[in-house]
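Enquirer: no FASTA, just this:
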């Protein structure tokens, strides 16, 4: 009969079978345990879990509002995200596209994928596009603003010393931007280069899980920046997870953004697309 010790995580056989697909550590049998109110001893397993070493970046505000409760279902889709994350951590930047009808759970799937990655040491960044705001680079303003505020201090300081003028476009609080010194295309390239160097430097401290939510509302410069980063960060531990609607009922600006998004991800080493049917089931189309 097993004698319990402080700090142990013990589960029954049913939980062990369910958790085995998601837990990377060891789950070992430790015998049986007598439980109050149950006539027969229950076979129990000990879960070997340790918190990730090193402090990762604070969660973005949008994700801090989401309870980190158990997420049931979407087993196949979550496994694909886990594999993409593992490939990214190994040094091969990944891009995932999650598309489907409104309300099917695209954002929730991406969010809980981020929570799982954070348990392995990921730093999470998140930006959302909004239909009611016509702000250039809106998702990147949120992403880079959070990175500058909560990223590794030494890394951020070193990058600001090189590119503060460019990054002021996305983080006005830096307050160092002056009049443009070159034409618009050159200034845009300098901005893209500065963002890429910042993300690359941060990824050397902790691998990055970057969520770009509701990209069907994104402006063209935001999508061009995404395309640039998928190329500039090709050999870095970064996973870009993009959610968007892809529907025959989508029209106007949304449809144009969807086409641009597909072009933006054309350089992806891995592209996964979840499409929602009327039955609210998902099918997976993958491209490596």
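Expert: Great, that's in hand. Worth saying up front: this structure is predicted, and the values here are computed from it rather than measured. Residues are numbered from 1 along each chain as shown.
Enquirer: How about residues contacting the helix or strand hosting residue 241?
Expert: For residue 241, the host element (DSSP states H and E) is strand 238-244. Here strand 238-244 makes contact (Cβ atoms under 8 Å, 6 or more residues apart in numbering) with 81, 84-85, 88, 93-99, 106-107, 110, 113-114, 117, 199, 203, 207-216, 226, 229-230, 257-258, 261, 265. In this view, the C-beta of every residue, glycine as well, is placed from N, C-alpha and C.
Enquirer: Mind checking which of these are in helices?
Expert: If you go by DSSP state H, the contacts of strand 238-244 have 81, 84-85, 88, 106-107, 110, 113-114, 117, 199, 203, 226, 229-230, 257-258, 261 in helices.
Enquirer: low-scoring pLDDT stretches of the stretch 1-150 of the chain, where are they?
Expert: 1-7, 15-25, 49-55, 67-73 (pLDDT under 70).
Enquirer: how about the helices in it?
Expert: Ranges of helices within the stretch 1-150 of the chain are 13-19, 61-64, 75-89, 106-118, 138-150, based on DSSP state H, counting those that start in this stretch.
Enquirer: mind checking which of the ones you listed is nearest residue 193?
Expert: Nearest of the helices of the stretch 1-150 of the chain to residue 193, taken as Cβ to Cβ: helix 138-150 at 13.1 Å.
Enquirer: In the closest one, which of the residues would be classed as buried?
Expert: Along helix 138-150, these residues count as buried under the neighbour rule (16 or more other Cβ atoms under 10 Å): 138-148, 150.
Enquirer: Could you single out the nearest of the residues you listed to residue 125?
Expert: The nearest member of the buried residues of helix 138-150 to residue 125, counting by Cβ to Cβ, is residue 143 at 4.7 Å.
Enquirer: so that closest one touches residue 127, yeah?
Expert: Yes. Applying Cβ atoms under 8 Å, one finds residue 143 in contact with residue 127, separated by 4.1 Å.
Enquirer: Which neighbours do the two have in common?
Expert: residue 212.
Enquirer: picking up where we left off before, just the angle between the strand holding residue 241 and helix 106-118, please?
Expert: Using axes from the mean of the first three to the mean of the last three Cα atoms, to 10 degrees, the direction of strand 238-244 lies 170 degrees away from that of helix 106-118.
Enquirer: what is the rounded mean pLDDT of strand 238-244?
Expert: Here strand 238-244 scores 92 as its mean pLDDT.
Enquirer: Next, the angle helix 138-150 makes with it.
Expert: Counting by the same axes, to 10 degrees, strand 238-244 points 140 degrees away from the direction of helix 138-150.
Enquirer: For strand 238-244, which strands pair with it and how are they oriented?
Expert: As defined by DSSP bridges, the strand partners of strand 238-244 come to strand 94-99 (parallel), strand 208-213 (parallel).
Enquirer: now those in TSV, with mean neighbour count and distance to residue 46?
Expert: Listed next are the strands paired with strand 238-244 as TSV, based on neighbours: other Cβ atoms under 10 Å; distance: least, Cβ to Cβ, whole Å:
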stretch	mean neighbour count	distance to residue 46
strand 94-99	26	33
strand 208-213	27	29
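Enquirer: Need those strands in JSON lines (columns: distance to residue 172).
Expert: Converted to JSON lines, these look like this (distance: least, Cβ to Cβ, whole Å):
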{"stretch": "strand 94-99", "distance to residue 172": "28"}
{"stretch": "strand 208-213", "distance to residue 172": "21"}
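Enquirer: Specify the stretch among those strands that is closest to residue 26.
Expert: It is, among the strands paired with strand 238-244 and with distance given as Cβ to Cβ, strand 208-213, at 24.6 Å.
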